[in-house]
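Trainee: Requesting a structural model of the entry that follows:
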Amino acid sequence: PPPFLPKLTFQQRLIDYFVNIKGLSVSQMIRKSVETRDWLSTLEPRNVRPVMKRVVEDITTLDLHVGQLFEEGSRRDRSSEDSRASRRLNKLGASGRGWAIAPNAFDSGLMSNIQKLFAERIEIFSSVDFSKISVVTGVVKIALKTFLECVRLRTFGRFGLQQVQVDTHYLQLYLWRFVSDE
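Mentor: Numbering: from 1, shown residues only. Okay, the predicted model is just below:
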């Protein structure tokens, strides 16, 4: 390796490799589920797709196994301002035909939070710390990035888009407890 790069210990390379392998395993499941479905003629969603339930099961199992090896680690709590902005956004909500909010309905705090979302770059394949939260967060980031990219490359009909929304909401409900707030 070039001399200007920091030398990683064997342990660090091993844990990074583990996170990448586990992340790619979950990613492959997600990728196959998105690529093999005909999203233009999907029926109205009635439930979460089984693959999303399997993703949450796999992450739960990973969390249990990694928890036997590593300490919990530190989790960055969401600030009360973030949660207020999130609740305000949900109250304003989406109408049946899409977002119908006038720009003056947003206060400056909410706008700055939205700008931060798009300004901050989240490193997907970065090195992880030796803690349970860091390892599981690394795997979840890889899986969600795969889901995002697969969805970005597809064309969706009305019900296909609604199914993705149902699946995404399910993941949001169940995966937040495993990850640090990034």
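Trainee: tell me which strands and helices the helix or strand Gln163 falls within is in contact with?
Mentor: Element membership for Gln163, per DSSP states H and E: helix 158-175. If you count contacts as 3 or more CB pairs under 8 Å, 6 or more residues apart in numbering; DSSP states H and E, helix 158-175 packs onto helix 50-69, helix 132-152. The way it works is simple: take the backbone N, C-alpha and C, and place the C-beta from them, glycine included.
Trainee: which one of those lies closest to Val166?
Mentor: Of all those, the one in closest proximity to Val166, counting by CB to CB, is helix 50-69 (8.6 Å).
Trainee: Give the rounded mean pLDDT of the closest one.
Mentor: The average pLDDT within helix 50-69 is 96.
Trainee: Make a markdown table from the helices and strands packed on helix 158-175 and add mean neighbour count to it.
Mentor: Shown next, in a markdown table, are the helices and strands packed on helix 158-175 (neighbours: other CB atoms under 10 Å):
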| stretch | mean neighbour count |
| --- | --- |
| helix 50-69 | 15 |
| helix 132-152 | 21 |
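Trainee: Adding distance to Leu40, write those out as TSV.
Mentor: Converted to TSV, those look like this (distance: least, CB to CB, whole Å):
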stretch	distance to Leu40
helix 50-69	19
helix 132-152	14
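Trainee: out of those, which comes closest to Leu8?
Mentor: helix 132-152 (14.8 Å).
Trainee: which other residues reach that closest one?
Mentor: For helix 132-152, the external contacting residues (CB atoms under 8 Å, 6 or more residues apart in numbering) are 15, 18-20, 22-24, 26-27, 30-31, 34-35, 55, 59, 62-63, 66-67, 69-75, 122, 124-126, 128, 164, 168, 171, 175, 178-180, 182.
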